[in-house]
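Colleague: Here's a sequence, model it:
(chains A and B)
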Amino acid sequence: MSGGLTRRRFLGAGVGAAAVAAGAAACGGGGGGDGASDTTVATVPRLTGDLAVADLAARLENLAIATYDGLLATTEAGTLGAVPAVVAAVIATAHAQHTEHLAVWNGVLRAAGQPEVTTADAGLAPTLDGMRAEVTDVGGALRLVLLVEEILSDTYLKAIPTLVDKESVQAAALILVTDQQHQAIVRFALGENPAPEPLQIPDKAAS
Amino acid sequence: MTAVTVDGKPPAPDDTGGGDDVESHVDRRAVLRTVSRGTGATAVALAAGGGLGGVVAGLLPSSASASASASATASASASATAGGGRADAALDIQILQTAASLETLMIDLYAAALGSGPLGLAAPPAVAIAAMTDPAARTTLVKLLTDAQAHHREHRLAFQSRTTELGGKEQTAANPKYASGVASADVSSPDRMVDYAAVLEKILTDTYVLDLTLVENVKAKETLASVMAVEAQHLAVFRAVGALMRDDLGQLAKIPIGNDLVNLPPTLAAAAFPKALEEITSVAEPASGAVP
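Modeller: Okay, here's the model as predicted:
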């Protein structure tokens, strides 16, 4: 593929990085190599290229799963009042699909010798947790779901042109398709145009 | 209601007609080989996903995974390399021209449904839509088709612009592989029209997913991804509307849904996004809409 980086060389680089990073995980790193001690940071390369995208994607998929877990718990508790069946189904189905998406990226990380990502993106989680705590009705829940789907979609949209491995491209593209579908139906449930823009711009991409 | 295929005939379970049913992992080098030879032959050789890619392939749905041997890639690589940058650009141009041809196909289909095609308001889908008895559902369907058509016009412009930037000719015609099937398709009722729209939006979505693994030019990648994302929304919407019509709930296919939100069936979610990872079932191969 592009840049003259063959898949074999790419895999080799990933494995090499993983070997160095192994010690960092024990020091509280992992999920991208951030957060290790000062001493360790100097020897642990940050994830780059496709692996960095996989790491970010896994953190965001965990974010979606955690957010939807919270929303589903709220709906089951009756806090939002009567929740239309289709709304509960949309959230539950999207939750299940994000779990599958997470498995894709964790599979990539695991195969490259990296630790699986089991926690939500630390930068965005507090904000979304706060927003979820303020949801008081079905409309608010749908708005939060839409925001999550937009963040994930835009992140994949921005990442796809940067990916080297074509099967990572395909995985990101297929996941983007599903996340766009989630958005369309959420907008429909909100009473809005389900496909409002002719071209998708990644203005909510995480990094 | 009977499902329709791209050629207007009832489909086999895995047949959307018209396109090449392929394993989704098409090897760029094998396609490049035919481009550099200047042939119009379809090249959809499969390549095994080694290394990291192989891991991803193992996690993707079976129909979206690589399955052939790595030797296919190895045997193709030498001749692809010989093609150099010109072959890269040539394949990118073919992909963009074919994408533009697919967009024209959609513009034409929706023109027929909206009564602005060659048959005007006498076109069967336009007649059928005009006869819809629920005004909110009719207005919504017209709005969805109108918006989708406008989107496809912008997509075509974007693909044409990318094509000329790479030194290629603009493709202005509809994809010849599908055009006759679309022209003769039975879309004489609203539900058949909606199902047919979903079939074609799926072909565009699948094609662009695959194209993203083949194209080299970064701007072309950005455009393909951006357009693919919107086609995925169209696909979900038409699937949802089609599902409501199949359940005799077509009156609920309206925007805004309002208080009828509570009446939407929970099955709508699975109808609109049935899989975590869509299976790629039919694609327009890069040469199919290329300018000769």
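Colleague: show me what contacts the residue most central in space within chain A?
Modeller: Among the residues of chain A, the one closest to the centroid is A:Leu60, at 2.4 Å (C-alpha atoms, centre = their mean). Contacts for A:Leu60 (C-beta atoms under 8 Å, 6 or more residues apart in numbering or on different chains) come out as A:Ala120, A:Asp121, A:Leu124, A:Ile151, A:Leu152, A:Thr155, A:Ala206. (Glycine included, C-beta is placed from N, CA and C.)
Colleague: how about the nearest residue to it, chain neighbours excluded?
Modeller: Leaving out its chain neighbours, the residue that sits closest to A:Leu60 by C-beta to C-beta, 6 or more residues apart in numbering or on different chains is A:Leu152, at 5.2 Å.
Colleague: Which strands and helices lie in contact with the helix or strand containing that neighbour?
Modeller: Following DSSP states H and E, the helix or strand that holds A:Leu152 is helix A:138-159. Helices and strands touching helix A:138-159, by 3 or more C-beta pairs under 8 Å, 6 or more residues apart in numbering or on different chains; DSSP states H and E, are helix A:49-77, helix A:85-111, helix A:125-133, helix A:166-189, helix B:218-246.
Colleague: in the chain, what spans have low per-residue confidence?
Modeller: This is for chain A. Counting by pLDDT under 70, chain A contains low-confidence residues at A:1-45.
Colleague: ah, I was thinking of chain B
Modeller: B:1-85.
Colleague: Taking it, what residue is nearest to chain A?
Modeller: The minimum distance from chain B to chain A, using C-beta to the nearest C-beta, falls at B:Pro256 (3.1 Å).
Colleague: just to revisit the earlier point, tabulate the contacts of A:Leu60 in JSON lines, adding columns for distance to B:His234 and neighbour count.
Modeller: Listed next are these as JSON lines, based on distance: C-beta to C-beta, whole Å; neighbours: other C-beta atoms under 10 Å in any protein chain shown:
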{"residue": "A:Ala120", "distance to B:His234": "31", "neighbour count": "21"}
{"residue": "A:Asp121", "distance to B:His234": "29", "neighbour count": "26"}
{"residue": "A:Leu124", "distance to B:His234": "29", "neighbour count": "16"}
{"residue": "A:Ile151", "distance to B:His234": "22", "neighbour count": "21"}
{"residue": "A:Leu152", "distance to B:His234": "19", "neighbour count": "27"}
{"residue": "A:Thr155", "distance to B:His234": "22", "neighbour count": "24"}
{"residue": "A:Ala206", "distance to B:His234": "25", "neighbour count": "18"}
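Colleague: out of the residues you listed, what pair is the most spread apart?
Modeller: Comparing all pairs in the contacts of A:Leu60 by C-beta to C-beta, the longest separation belongs to A:Ala120 and A:Thr155, at 13.5 Å.
Colleague: So A:Leu63 is in contact with A:Ala120, correct?
Modeller: Yes: if you go by C-beta atoms under 8 Å, A:Leu63 and A:Ala120 touch, sitting 4.0 Å apart.
Colleague: Now for the two: what residues contact both?
Modeller: Here A:Leu63 and A:Ala120 have A:Leu128 as joint contacts, going by C-beta under 8 Å, 6+ apart.
Colleague: Now do the same contact list for A:Pro161.
Modeller: B:Val218, B:Lys221, B:Glu222, B:Ala225.
Colleague: How many residues are close by the third one?
Modeller: Looking back up the chat, that one is B:Glu222. By other C-beta atoms under 10 Å in any protein chain shown, 18 other residues sit near B:Glu222.
Colleague: Now do the same contact list for it.
Modeller: A:Pro161.
Colleague: try the last one
Modeller: Residues touching B:Ala225, when contacts are defined by C-beta under 8 Å, 6+ apart, comprise A:Leu157, A:Ile160, A:Pro161, A:Ala173, A:Leu176, A:Gln200, B:Tyr208, B:Leu212.
Colleague: How about B:Asp147?
Modeller: By C-beta under 8 Å, 6+ apart, B:Asp147 lies in contact with A:Asn193, A:Ala195.
Colleague: That one is in what secondary structure piece?
Modeller: Using DSSP H and E, B:Asp147 falls in helix B:135-165.
Colleague: hang on, the earlier thing: so the residue of chain B closest to chain A sits right up against A:Gly191, yeah?
Modeller: Yes: the pair B:Pro256 / A:Gly191 is scored as a contact, 3.1 Å apart, by C-beta under 8 Å.
Colleague: so the closest residue to chain B within chain A is in which element?
Modeller: Relative to chain B, the nearest point of chain A is A:Gly191 (3.1 Å; C-beta to the nearest C-beta). Per DSSP H and E, A:Gly191 falls between elements, in no helix or strand.
Colleague: Roughly how far does the residue nearest to A:Asp179 when sequence neighbours are not counted sit from A:Gln200?
Modeller: Among residues not flanking A:Asp179 along the chain, A:Ser153 sits closest, at 4.3 Å (C-beta to C-beta, 6+ apart). For A:Ser153, the distance to A:Gln200 (C-beta to C-beta, to the nearest Å) stands at 7 Å.
Colleague: likewise A:Thr119?
Modeller: Taken as C-beta to C-beta, the span from A:Thr119 to A:Gln200 is 28 Å.
Colleague: B:Thr163 too?
Modeller: 20 Å.
Colleague: try A:Met131
Modeller: 23 Å.
Colleague: cool, and B:Ala287?
Modeller: B:Ala287 is 27 Å from A:Gln200, by C-beta to C-beta.
Colleague: got it, and A:Ala92?
Modeller: 25 Å.
Colleague: between these two, who's got more neighbours?
Modeller: A:Gln200 (22 against 16).
Colleague: Count the neighbours of the residue of chain B closest to chain A for me.
Modeller: 15.
Colleague: related to what we said a few turns ago, next secondary structure element downstream of the helix holding B:Asp147?
Modeller: With DSSP H and E, the next secondary element past helix B:135-165 is helix B:176-184.
Colleague: and that next one, what other elements does it pack with?
Modeller: On a contact count with 3+ C-beta pairs under 8 Å, 6+ apart, helix B:176-184 meets helix B:70-114, helix B:190-214.
Colleague: Adding mean neighbour count, write the ones you listed out as JSON lines.
Modeller: Below are these laid out as JSON lines (neighbours: other C-beta atoms under 10 Å in any protein chain shown):
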{"stretch": "helix B:70-114", "mean neighbour count": "21"}
{"stretch": "helix B:190-214", "mean neighbour count": "26"}
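Colleague: TSV for those helices, including distance to B:Asp147?
Modeller: Listed next are the helices and strands packed on helix B:176-184 as TSV, based on distance: least, C-beta to C-beta, whole Å:
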stretch	distance to B:Asp147
helix B:70-114	9
helix B:190-214	12
